[in-house]
Structures are given as C-alpha cells and as structure tokens.
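Undergrad: Below is the sequence, then the predicted model.
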Amino acid sequence: MAAGHFNHDSLDARHGFTLTELLVAMGIIVVLMSVLVVAVGGARESARVVTTSATMASLSQGVVQFREDVGYLPPVLDEDRSIMDPPELDDANIFHRMQGWYSITSPAEYLLGYGHHGEDGYGFSQDSSFAQAYAPNGWRDASGNDPDPANDYPDESVRFGIRNPGFDGIWTSSIASTVSKRGSLAGRLERFSVGKAESQGQVLGPYLQLPERGVVGTLGWENATETVPGSWTGAIDPVSSQPTVYFPGDAGYDPQGPKVICDAWGSPIRYYRLNYPTGALSRSYPASNAPYTPSLSQFIVLRPWEFDPGTMTDFLVPQDGGQYGDFNSVLDGGGTLGDSSTSYELQSGEFAFFSPGPDRQSNNWQRNDFLGIGGNDGTNFNDGWHYNWGGLPPFTEWSVPPTEEVNTDNIVEVGS
C-alpha cells in the first residue's frame, strides 16, 4: 500500500440506529413513563390522604371547642338536617341499628353554621324572603331600607356561625307544636316564628376555618325555598352508595340545600358519636350498663384494618346466646360470631370522623371483607336503611360492594 493511502473499506462505519435499537429505546421510555405515571399518581393520592386527614383533624378540634361552649357533643342529624334519635339500649336490634346511626350534615351545621335565624339562629341574607318575613326590627333589606332606625341590629349578612342550639341541640324544635315537626327544620322555623327561639345573643363559631373550594358541597333538595324547608331528594351516588354531593357549578347544586363537608375525593365525611339516652345530649350511659355499653367500637366501619403492636383489643355484644363481633357468619369455635377485633382508641373515644378513602367505598357491616360471606356478597347487608331510620335494613337497595379491598383505605379520626 502506497504511503499516505487511506483505505475507506477497512472501516466499519455505521450511521443512525437499527430497528432493534429503536424498539429497545422506545421500550425503555415506555417503562420509565409508566413508572413516572405511577409515582405521580401515588404522590397525588398520598397528598389527598394527607389533606383529608388534616380536614378531619380540624373537624375534631372544632367539635372539642363546640363542646366547651355548649356542654355537649353535636347531635346526629339526617340528610334533611333533622335529629336522628339514638336507639335505646333495650332495643332488640341495637347492634344492627347503630351501624346506620351517623351523620353527614352535622359537621357543617354545627361547626360552620350557614342557615338563617329560623334554621341555626344566625344570619340573614339581605335578599332573602325569609329575612323580609322574620328579621328583627332594624334589619336592612336588600334595597337598604331600615323600617326602624332606632333599633338597629348588627349586620348579619355574613352567615357563618350559630346561636346556641339550646338544651336539645336543635334550637328547641324538639318541643314544636306537632309531632311531625319535632326535631325537624320545620320545627325550628316554627319555634323562631312564634318567638320561642333565641335570635339574638352570642354568636358561636365558626369552629372550622372556611375550607377551600371543593370541600363544602350540598345535597340535592326538593322544594327548597327561603321560608319553607325542603327535603333531601334521596339521590344516591352509584359508586359510594352515599348521597350525591353537588358543588358550585354542578347542575344539581342548590345553595339552600343541606351542606356537607367532603374529603379530597368528594365523598361526604361522616360524623359518629357515642350513644346517649334520647333527649339527653350531655349524658352518657354508665359503663355498668349491661349487656351493652356504648363504645365507638360498635361502629364496625371505624375499626382499623391493621393494628400496631399493643393497640388491639376486642369488642363483643352478647346476643341470642352468643357473642357478636360483626355480622359475617364465620364462627371461631367458641360462640363468637364475626370478627371482634377493635382498638383501645375506639374503646375510649367519644366521637369520630370517617372517610371511605380513595375508592369512595366502605363496608359498614364487617371490618374484614371476606368474599362470599354474609355481609359482603352484595345482598345480605347494605346501607339503605340509614335512609329509612324507622326500620331494619331493606336488604335489596344500595348493597355493599363485594370486594376484599373496600375497607383497607378507610380514614378515621377519633376524638375525646
């Protein structure tokens, strides 16, 4: 080979990528993107769990302050903001009934307060027909008219906060003139309109910092006007089996409807409290009551899915010659029906808040969800009777979802 001659053919020079290399690179990118999506989704869910836990901790602090101010824990209200009297200890079906004795409207009612004087005792909207009919002398209407300038009252156009709800927790509506109105919104309005409910005095709360958009929603309401209380439409969310919640901008949103405080997934947060003698909010049953002593453990859905060492105990209810832990049909061989596992925290707690978590679902009848076992087969037990408080469950509606994972992501805040 002559000096200085360069043989190009001796080089194995390649330019670009082969098809195999491109496919490998694309596969790596897809895997990395999948990992990133999972990580981002997990971080988002973790953030929602933290947000919900923080909301529930704030609710718990608000309840403690409310009790310091009025002397009792907030009562349990139904979806129409009417009182749900607790079952008595001698109720033969008390263990069943207690699973549905909770509220999604009490938190907003007592910790925020949003109604006018005829509802929670504070606040007149300047353009409301209710204010024109029932406001005290000196209240300025929407046009600024003041019929009695010598007797002006403080401006109550900002409507958060409540007046003291009284001995019965429902603004004396428990002694309305007719049985059908007792404990209801209509009963509150009647007591106010005849001058039997406090419309002036100290404003209590709000006990919760006004939450961000998307936390406070309303339930659907029928015949909702300023002067005649309406009623809940009964619309059920097919995913959660709980009442459908509407937020500002939604087609079903009604600013006059019952308010609920929601978790980060849009499900209404439930409020639970210890059972008490009917009409005696500040009292509790003594521990000596037999065979049933109230405890938060009676609410199966509140029980933890997993227990840290040293935190687990049992809660058993004597019934029909045996002992109930929950409602599934698994016997331990010693006469115990179901799973009795609970926590010392629930045994000593006085109230609790509950979120069904990311899947928006919960099984109220079993702590552990065994497929094919009564209470988790989609037919035996359900939530429907919570909305039919006078009877036992209608076993054909709003049945619990048959899945093993439904209670693993529940979020519970226990207070005392």
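TA: Looks like it came in fine.

Undergrad: secondary structure class for residue 96?
TA: helix (DSSP: H, G, I helix; E, B strand; the rest coil).

Undergrad: likewise the one 5 residues further on?
TA: Classification of residue 101 by three-state DSSP places it in coil.

Undergrad: please renumber so the chain begins at 6
TA: Sure, I'll start counting at 6 from here, so that last one is residue 106.

Undergrad: Let me know how buried it is, in neighbour terms.
TA: Residues near residue 106, counting by other Cβ atoms under 10 Å, number 19. The C-beta positions use only the backbone N, C-alpha and C, and glycine is treated the same way.

Undergrad: That one and residue 278: what is the separation?
TA: Relative to residue 278, residue 106 is positioned 9 Å away (criterion: Cβ to Cβ, to the nearest Å).

Undergrad: Touching both of those two, which residues are there?
TA: When Cβ atoms under 8 Å, 6 or more residues apart in numbering defines a contact, the residues bordering residue 106 and residue 278 alike are residue 81.

Undergrad: Mind jotting down where the strands sit in the stretch 106-255 of the chain?
TA: For the stretch 106-255 of the chain, the strands identified by DSSP state E, counting those that start in this stretch occupy 221-224, 226-227, 236-237, 250-251, in order along the chain.

Undergrad: Would you tell me which of these gets closest to residue 192?
TA: For those, the distance to residue 192 is smallest for strand 236-237, at 13.7 Å, taking Cβ to Cβ.

Undergrad: who does the closest one pair up with?
TA: Within its sheet, and counting by DSSP bridges, strand 236-237 is paired with strand 226-227 (antiparallel).

Undergrad: In space, what's closest to residue 248 - neighbours in sequence excluded?
TA: With sequence-adjacent residues excluded and distances taken as Cβ to Cβ, 6 or more residues apart in numbering, residue 248 is closest to residue 224, at 5.2 Å.

Undergrad: The one you found: what's it in contact with?
TA: Going by Cβ under 8 Å, 6+ apart, the list of residues near residue 224 reads 84, 110, 237-238, 240, 248-251, 262-263, 265.

Undergrad: These, buried ones only, as a PyMOL selection?
TA: Applied in PyMOL, the following selects the buried portion of the contacts of residue 224 according to 16 or more other Cβ atoms under 10 Å:
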select buried, resi 84+110+237+238+248+249+250+251+262+263+265
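
Undergrad: list the contacts for the closest residue to residue 79 other than its chain neighbours?
TA: Using Cβ to Cβ, 6+ apart and skipping the chain neighbours, the partner closest in space to residue 79 is residue 115 (4.1 Å). The contact partners of residue 115, taken as Cβ under 8 Å, 6+ apart, are 71, 79, 167, 170, 210, 212.

Undergrad: Could you dump those residues into JSON lines with distance to residue 63 added?
TA: Compiled in JSON lines, the contacts of residue 115 are given as follows (distance: Cβ to Cβ, whole Å):
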{"residue": "71", "distance to residue 63": "12"}
{"residue": "79", "distance to residue 63": "15"}
{"residue": "167", "distance to residue 63": "17"}
{"residue": "170", "distance to residue 63": "20"}
{"residue": "210", "distance to residue 63": "13"}
{"residue": "212", "distance to residue 63": "9"}
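
Undergrad: In the residues you listed, which has the lowest confidence score?
TA: For those, the least confident position by pLDDT is residue 210, scoring 91.

Undergrad: residues near that residue, how many?
TA: Going by other Cβ under 10 Å, the residues that sit close to residue 210 add up to 19.

Undergrad: possible to save the strands of the stretch 106-255 of the chain as a markdown table with distance to residue 350 and mean pLDDT?
TA: As requested, these are arranged in a markdown table below (distance: least, Cβ to Cβ, whole Å; pLDDT from 0 to 100):
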| stretch | distance to residue 350 | mean pLDDT |
| --- | --- | --- |
| strand 221-224 | 28 | 92 |
| strand 226-227 | 36 | 77 |
| strand 236-237 | 32 | 80 |
| strand 250-251 | 28 | 94 |
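
Undergrad: closest one to residue 185 among those?
TA: Checking these against residue 185 by Cβ to Cβ gives strand 236-237 as the closest, at 12.4 Å.

Undergrad: For the closest one, give me every contacting residue.
TA: The set of residues that contact strand 236-237 without belonging to it, under Cβ under 8 Å, 6+ apart, is 83-85, 224-228, 248, 262-263.

Undergrad: Closest one of those to residue 29?
TA: Within these, proximity to residue 29 (Cβ to Cβ) peaks at residue 248, which comes in at 52.2 Å.

Undergrad: That closest one is in contact with residue 84, isn't it?
TA: Yes: taking contacts as Cβ atoms under 8 Å, residue 248 lies within contact range of residue 84: 5.7 Å.

Undergrad: Between the two, which contacts overlap?
TA: Shared contacts of residue 248 and residue 84, defined by Cβ under 8 Å, 6+ apart, are found at 109, 224, 237.

Undergrad: And the first one, how close does it get to residue 38?
TA: Here residue 109 is placed at a distance of 39 Å from residue 38 (Cβ to Cβ).

Undergrad: Neighbour count for those two, which is higher?
TA: It is residue 109, of residue 109 and residue 38, that has more neighbours when counted by other Cβ under 10 Å, with 25 against 10.

Undergrad: how close does the more buried one get to residue 364?
TA: 18 Å.

Undergrad: Next, count neighbours for residue 34.
TA: A count of neighbours around residue 34, defined by other Cβ under 10 Å, yields 10.
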